[in-house]
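Enquirer: Quick one, fold the following:
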Amino acid sequence: MIKLTEKDMERLQDESCNILIPETMRSLLVGFPDEVVFPFSINAMNCVNIKSISARNRICGSLTLRGCTSLATLGDGLFVGESLDVTGCVALTSIPNSLREIKRDLLLSGCLSMRDLPEGLKVKSNFYANDCPQLEVLPKGLEVGLLMTIRNCERIAAIPDHVRVGRDLIADRCPNLKSISGDLIVGGKASFKSCHSLQDIPATINVKSLCLDDCTNIRFLPAGLNIPDNLSLRDTKFQDFPRNLTVGGLIDISGCQWVTSFPDDFNFTGRILIAENCQNLIELPKSMPNLMNMALDGCTSLTHLPEGLNVYMLSLKGCTGLKALPRDLRVSRSVDLRGCEGISIPQEFIDAHEGYARILFPKTYDILPAVKAENAPTL
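Expert: Here you go, the predicted structure:
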């Protein structure tokens, strides 16, 4: 077994003055000098016999310990100037307080024994902590400059107070996540896909997009919730849209079997509505904005479309309850009516769209004769 000296480390420097432990040495290396100040980065990936890093070490660049499966301790006092990568360090139980400020990335995914993170943790770039089954508590005041991912963290029960994420927060498949602090701020998308214990979303969260797909205990959203971009509720038990809900981008409620209608004060200013296989959806909002896409495939209880609807692409495949298209329906690119057997299609709609909008007809349909305009001259 080998414990490096300072002279050994100097000999291992590459052209950029960083240290990369040679593959032939990785299984033999047991540690670094107890007290070293190194001005650049150290890559000791897959050095499976390293058990600890001294508290007196100062690494001014990045420290990569990915795959060091025996690593159990980072000394409280250790300094890392840029990124810390301990991905797959299955014996590591904590990140010391001396590393509460990470200037670039903090990578913890696959740390199967990780339990403790420092209070007030701040990560300037990316924070990855996927597949950390022993991690129960995220620190209050956690700040991440770019992307934060905590997928498959089985014991995390809450997103605590004062969490700030500059870009996206991905907390998918955290089965015991039950609460989200109302002061959560996420600059981009907040995703809680398949968090089956999650029931409530605070109206005061500040996120650009929100994904709650397969959150099987989500039934309602709070009144006044404001989502500037996209809202996705696919395959949830969502029942009813709240008062004063504002969504500025895409809405996807596909597979929501409990939704029957939209409220009159539904403030949807976006461009895409997806409500596929919402088998109990009876009607759409009476007033809809001009949309890029509307997909209502498999909405078997839908009987009519609102008047004045203007859509770029419209898909109504398998809407078997739809009896007729509105005479004033406008579709710019295409409309898919396959499976809408026996539907009545106004002659005006066919005439208005012939030559520039593609119409995919069902096997059987009726043509409604055009209605003559009032006071039209007769021959």
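Enquirer: what's the burial count for Ser94?
Expert: 17 (other Cβ atoms under 10 Å). C-betas here are computed from N, CA, C, even on glycine.
Enquirer: which residue packs closest to it, ignoring adjacent ones?
Expert: Using Cβ to Cβ, 6 or more residues apart in numbering and skipping residues adjacent in sequence, the residue nearest Ser94 is Asp116, 3.9 Å away.
Enquirer: just checking, that neighbour touches Pro96?
Expert: No: the pair formed by Asp116 and Pro96 falls short of the contact definition of Cβ atoms under 8 Å, at 9.1 Å.
Enquirer: give the contact list for the residue nearest to Ser94.
Expert: Thr93, Ser94, Ile95 (Cβ atoms under 8 Å, 6 or more residues apart in numbering).
Enquirer: Turn these into CSV, including distance to Gly61, secondary structure and pLDDT.
Expert: Converted to CSV, the contacts of Asp116 look like this (distance: Cβ to Cβ, whole Å; DSSP: H, G, I helix; E, B strand; the rest coil; pLDDT from 0 to 100):
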residue, distance to Gly61, secondary structure, pLDDT
Thr93, 25, coil, 97
Ser94, 23, strand, 97
Ile95, 18, coil, 97
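Enquirer: Can you read off the pLDDT for the residue sitting nearest the centre point of the chain?
Expert: In the chain, the centroid-proximal residue (Cα atoms, centre = their mean) is Ser191; its distance is 3.2 Å. Reading off the confidence values, Ser191 has pLDDT 98.
Enquirer: Tell me how far it lies from Phe268.
Expert: 21 Å (Cβ to Cβ, to the nearest Å).
Enquirer: go on, Gln134?
Expert: Gln134 is 42 Å from Phe268, by Cβ to Cβ.
Enquirer: before we move on, what about Gly187?
Expert: Distance of Gly187 to Phe268, given as Cβ to Cβ: 23 Å.
Enquirer: same thing with Ser301?
Expert: 20 Å.
Enquirer: So which of the two has more stuff around it?
Expert: Phe268 (21 against 15).
Enquirer: Quick check: the more buried one touching Ile251?
Expert: Yes: between Phe268 and Ile251 there is a contact under Cβ under 8 Å: 6.4 Å.
Enquirer: Return the residues in contact with the closest residue to Asp240 other than its chain neighbours.
Expert: Excluding its sequence neighbours, the residue lying closest to Asp240 (Cβ to Cβ, 6+ apart) is Phe220, at 6.5 Å. Residues in contact with Phe220 (Cβ under 8 Å, 6+ apart) are Phe238, Gln239, Asp240, Pro242.
Enquirer: Name the member of those residues with the most neighbours.
Expert: Phe238 (21 neighbours).
Enquirer: Any figure for the gap between that residue and Ile218?
Expert: When distance is defined by Cβ to Cβ, Phe238 is 6 Å away from Ile218.
Enquirer: so what's the closest residue to Gly31 other than its chain neighbours scoring on pLDDT?
Expert: Spatially, and ignoring its direct neighbours in sequence, Gly31 is nearest to Lys3 (4.8 Å; Cβ to Cβ, 6+ apart). For Lys3, the model assigns a pLDDT of 70.
Enquirer: And Glu15, by the same measure?
Expert: Confidence at Glu15, expressed as pLDDT, is 63.
Enquirer: Ala324 against His304, yeah?
Expert: Yes: contact status for Ala324 versus His304: in contact at 7.3 Å, counting by Cβ under 8 Å.
Enquirer: These two: which has the busier surroundings?
Expert: A side-by-side neighbour count of Ala324 and His304, using other Cβ under 10 Å, places Ala324 first with 19 against 14.
Enquirer: Helix or strand: which one has the closest residue to the more buried one other than its chain neighbours?
Expert: Excluding the flanking residues, the one nearest Ala324 by Cβ to Cβ, 6+ apart is Ser344, at 3.9 Å. For Ser344, the host element (DSSP states H and E) is strand 343-346.
Enquirer: and if you look at Glu348?
Expert: helix 347-353.
Enquirer: Show me what that helix packs onto, helices and strands only.
Expert: strand 330-336, strand 365-368 (3 or more Cβ pairs under 8 Å, 6 or more residues apart in numbering; DSSP states H and E).
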